[in-house]
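In: Coordinates for the following, if possible.
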Amino acid sequence: MFLSTAARTVPPESTQQAIGYPSLFLLVLIGALVPVVPTGALVSSAAVVAFHQTSPFALLTVFLVSSVAAFLGDMSLYWLGRRGMGSRNGSRWLEAIRERAPEDRLAQAQQKLADHGIAVLVLSRLVPAGRIPVMLACLLAKMPLRVFARGDVPACLAWAATYQVIGILGGSL
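Out: Now for the predicted structure:
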């Protein structure tokens, strides 16, 4: 009896938001640090839910939460990479990542980075599995954190907007 009653009641939007936005933030942040979490699908799903809410700022909130979480995750990962490049154990970690990254993609990312600079960061965020090789190329090129951050801000904004549009269009279909 309890389950049938619980199944019929949907929590109010305020409860969904109180749980949903922090969960979205944490999952996107973790997904930026550990690139096996499908963060694009999370943002798309959150956008569909926000699109059907009565709050006029639900989509804007999903956009802000996901882009800030992606930016903080990217910056944390880049900072850890920069810090680790000088340490003995960190150098092993960086070497392990370098070994896992396909050599041709890494060389291509370094060349594109040298040719096009910050624009490569924006595009790498939108290409599946493109962010890590470009980030690694930035680390190997010893790009300062400040310069990386300047390129990562528009990259995270474009990424969040793109996956929101994908979610809204997919949910509408």
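
In: alpha carbons only for contacts and neighbour counts from here, please
Out: Will do.

In: Would you mind measuring from the residue positioned nearest the centre of the chain to residue 141?
Out: Nearest to the geometric centre of the chain sits residue 70, at 3.7 Å (CA atoms, centre = their mean). Distance from residue 70 to residue 141, counting by CA to CA, to the nearest Å: 22 Å.

In: swap in residue 30?
Out: Look at residue 30 and residue 141: by CA to CA, they are 25 Å apart.

In: Give me the more crowded residue out of those two.
Out: residue 30 (19 against 12; other CA atoms under 10 Å).

In: and that one, what is it in contact with?
Out: 37, 73 (CA atoms under 8 Å, 6 or more residues apart in numbering).

In: cool, and residue 155?
Out: Contacts of residue 155 (CA under 8 Å, 6+ apart): 121-126.

In: ok, for residue 76, nearest residue in space, not its chain neighbours?
Out: Excluding the flanking residues, the one nearest residue 76 by CA to CA, 6 or more residues apart in numbering is residue 33, at 7.5 Å.

In: how many other residues sit next to that neighbour?
Out: Residue 33 sits with 18 neighbouring residues when counted by other CA under 10 Å.

In: Most neighbours among the contacts of residue 155, which one?
Out: residue 121 leads the contacts of residue 155 on contacts (other CA under 10 Å) with 27 neighbours.

In: Now for that one: which residues touch it?
Out: 131, 134-135, 151-152, 155.
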